[in-house]
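Enquirer: quick one: sequence and predicted model below, then my questions.
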Amino acid sequence: MAKGSATEKEQLDYREAERRIERSLRVGGLELDIGNLRSLRELPPMIRSMANLRSLYLYNTRVFDLSPLSGLMALERLDFVGTQVS
C-alpha cells in the first residue's frame with residue numbers, strides 16, 4: 001500500500017486486514033473474514049500465502065482487484081457483496 005497517498009483510515013483497515021490474515025494462518029488458514037473494513041482498497045500481498053484458504057469474506061470493502069487470489073486453488077467461497085468488484 002502506498003502509505004503517502006492513503007488516508008489514516010485506509011492504513012488502519014489495511015493493517016487490520018494483515019492482522020486478520022496472520023490470525024487465520026495461525027489456525028490453518030481455511031477461512032478469512034476481512035469484511036466490513038470499509039476503507040480497504042487492496043488486498044495485502046501476504047494473502048497469496050494462504051494456500052489452504054477455502055472461504056474468503058470481502059463484503060463491504062473498497063477492494064476491486066481480485067488478482068492476488070489467482071493462485072489460491074482451494075478457494076471455494078468468495079463473498080464480495082458491497083465491493084467495487086465488477
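Expert: Noted; the coordinates are in hand. Residues are numbered from 1 along each chain as shown.
Enquirer: from here on, contacts and neighbour counts on C-alpha atoms
Expert: Noted.
Enquirer: and the residue nearest the centre of the chain, backbone torsions?
Expert: Closest residue to the average C-alpha location of the chain: Leu43 at 4.5 Å, with C-alpha atoms, centre = their mean. Note on Leu43: backbone dihedrals following degrees, to the nearest 10 are phi -80, psi 130.
Enquirer: next up, the contacts around it.
Expert: Counting by C-alpha atoms under 8 Å, 6 or more residues apart in numbering, Leu43 makes contact with Tyr14, Ala17, Val63, Asp65, Leu66, Pro68.
Enquirer: one more time with 6 Å, if that's ok
Expert: By C-alpha atoms under 6 Å, 6 or more residues apart in numbering, the contact list for Leu43 is empty.
Enquirer: put the alpha carbons of stretch 33-42 into PDB.
Expert: Extracted in PDB, the C-alpha atoms of stretch 33-42 (Å, rounded to 0.1, in the frame of the first residue of the first chain):
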ATOM      1  CA  ASP A  33     -13.100 -12.600   7.100                       C
ATOM      2  CA  ILE A  34     -11.900  -9.200   6.200                       C
ATOM      3  CA  GLY A  35     -15.400  -7.900   5.500                       C
ATOM      4  CA  ASN A  36     -16.600  -4.500   6.800                       C
ATOM      5  CA  LEU A  37     -13.200  -3.000   6.500                       C
ATOM      6  CA  ARG A  38     -14.900  -0.200   4.600                       C
ATOM      7  CA  SER A  39     -11.700   1.700   3.700                       C
ATOM      8  CA  LEU A  40      -9.800  -1.400   2.500                       C
ATOM      9  CA  ARG A  41      -8.800  -0.800  -1.200                       C
ATOM     10  CA  GLU A  42      -6.300  -3.500  -1.800                       C
END
